[in-house]
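[1] Please work out how this folds:
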Amino acid sequence: MATQTVDQTQTVRLAPFQEEFLADIFASAKALTGEGSMMPFAPQQLAGLSEGQRAAISNALGGVGAFQPFLRQGSGAVQSGIMGALGANYTPTSFRDFMDPFQEDVIQQQYDDIAEQGRAQLSDFGQRAAGAGAFGGSRQGIAESEIVRNVLDQQARTGSQLRSQGFQAAQQAAQQAANQQLRQAQLTGQLGVSQAGLGQLGQQMAVQDVNTLLGIGGLQQQQGQKELDVARSNLLAAQALPFQQVGFMSDIFRGVPALQQTTSQTRTPGPSRGSQMLGLGIAGLGAIGSAGGFGNFFNFGSPIGRA
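    As a prediction, this is how the structure comes out:
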């Protein structure tokens, strides 16, 4: 008798809710990485110049050479002071420029006044001599000569004093003028140096302003860069969030014990054709035997045969 072969199939599957959960993970991953799911590019951005930096650059460009006018004015004043100092030269004849042009008129007026006083004295003495009966005498002549001599002496002393005073005044005025010119020249030179110093000071202050603006502008630029970096980080975080969620779901799936269901299916193959024919023959023989044997089947031992 031939051996029959039995086919047996065994299928192991996850629990339905686990299969559904895993299918959701695959669908989400496919949606994130499939066609048309390209994430927007998040380039690194650089903060531009801030308002303070632009102002600093503008001030720096506008202040280049701003000290030049002060330097030119100061240099001119210094040169003027030097020339003035060189011109402030006192000489023994410098007094002539300061002599009183009316001095001789004043002296002459003093002469006239003294002479008038002399004539008055002579007239008075003559009248007294006449009254005394000594008019025209030698004594009168001596007295009048003395009056004239005194007048001349007084005129000489007065002229000499006035001229000396005029000379001394002119000399003093000339010396004062020279000193004043020298002081003016020195002051002009000092003003020139101060003017140039103002230009230098202005330049330094302008540089300080530029540095201050650069410092403020640098802080503004740093803040702007931080804001750009934060915005980019937020964008990258938003782009990574779906992937993180899929990974989180995958971690959950791996952490849950697998609930397996086993399904077995057994299949027995049907008899072959030869087996079927053999079976029919055996069945037929059995039927013949139950009918009285093969003799009866072939009419052996039948009443007909026996007759």
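[2] How is the chain divided into domains?
    Following automatic domain parsing, one gets these domains for the chain: 51-255, 273-307.
[3] for residue 214, what are its contacts?
    Residues in contact with residue 214 (Cβ atoms under 8 Å, 6 or more residues apart in numbering) are 52-53, 56. No exception for glycine: its C-beta is placed from N, CA and C like everyone else's.
[4] picking that back up, hey, which of the domains of the chain is tucked in deepest?
    Burial of those is given as mean neighbour count (mean count of other Cβ atoms under 10 Å); domain 51-255 ranks first at a mean of 14.
[5] Give me the distance from it to the chain's centre.
    41 Å (Cα atoms, centre = their mean, to the nearest Å).
[6] before we move on, the earlier item: what would the domains of the chain look like in TSV with distance to residue 41 and mean pLDDT?
    Formatted as TSV, those follow (distance: least, Cβ to Cβ, whole Å; pLDDT from 0 to 100):
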stretch	distance to residue 41	mean pLDDT
domain 51-255	10	84
domain 273-307	72	47
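[7] Nearest residue to the middle of the chain?
    The centroid of the chain falls nearest to residue 214 when counting by Cα atoms, centre = their mean (2.1 Å).
[8] What strand or helix carries that one?
    helix 138-255 (DSSP states H and E).
[9] Relative to residue 31, which of the contacts of residue 214 is nearest.
    Nearest to residue 31 among the contacts of residue 214: residue 53, at 45.6 Å, using Cβ to Cβ.
[10] Please render the contacts of residue 214 as TSV that adds distance to residue 98 and secondary structure to the earlier fields.
    As requested, the contacts of residue 214 are arranged in TSV below (distance: Cβ to Cβ, whole Å; DSSP: H, G, I helix; E, B strand; the rest coil):
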residue	distance to residue 98	secondary structure
52	64	helix
53	66	helix
56	60	helix
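[11] Just list the residues touching residue 61, thanks.
    By Cβ under 8 Å, 6+ apart, no residues touch residue 61.
[12] Only the C-alpha atoms, please, for the host helix or strand of it, written as CSV.
    Remark: residue 61 resides in helix 51-63, with elements defined by DSSP H and E. Extracted in CSV, the C-alpha atoms of helix 51-63 (Å, rounded to 0.1, in the frame of the first residue of the first chain):
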residue,chain,number,x,y,z
GLU,A,51,22.1,100.6,12.1
GLY,A,52,24.9,101.5,14.5
GLN,A,53,27.5,100.0,12.3
ARG,A,54,26.2,101.9,9.2
ALA,A,55,26.1,105.1,11.2
ALA,A,56,29.7,104.5,12.3
ILE,A,57,30.9,103.9,8.8
SER,A,58,29.1,107.0,7.6
ASN,A,59,30.6,109.2,10.3
ALA,A,60,34.0,107.7,9.7
LEU,A,61,33.9,108.5,6.0
GLY,A,62,32.5,111.9,6.6
GLY,A,63,35.1,112.7,9.3
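[13] Which helix or strand lies directly C-terminal to it?
    Sequence order places helix 68-87 as the next helix or strand after helix 51-63, per DSSP H and E.
[14] That following helix: what's the following helix or strand?
    helix 103-131.
[15] counting contacts, what elements does that following helix pack onto?
    If you count contacts as 3 or more Cβ pairs under 8 Å, 6 or more residues apart in numbering; DSSP states H and E, helix 103-131 packs onto helix 138-255.
[16] Just the angle for the helix it packs on relative to helix 68-87, thanks.
    On the basis of axes from the mean of the first three to the mean of the last three Cα atoms, to 10 degrees, helix 138-255 is oriented at 160 degrees to helix 68-87.
[17] could you check the angle helix 103-131 makes with helix 138-255?
    Between helix 138-255 and helix 103-131, the angle comes out at 150 degrees (the same axes, to 10 degrees).
[18] tilt between helix 138-255 and helix 51-63?
    Using the same axes, to 10 degrees: helix 138-255 against helix 51-63 is 150 degrees.
[19] Could you measure from the residue nearest to the centre of the chain over to residue 207?
    10 Å (Cβ to Cβ, to the nearest Å).
[20] go on, residue 79?
    Taken as Cβ to Cβ, the span from residue 79 to residue 207 is 28 Å.
[21] Since that was my last question, I'll sign off now.
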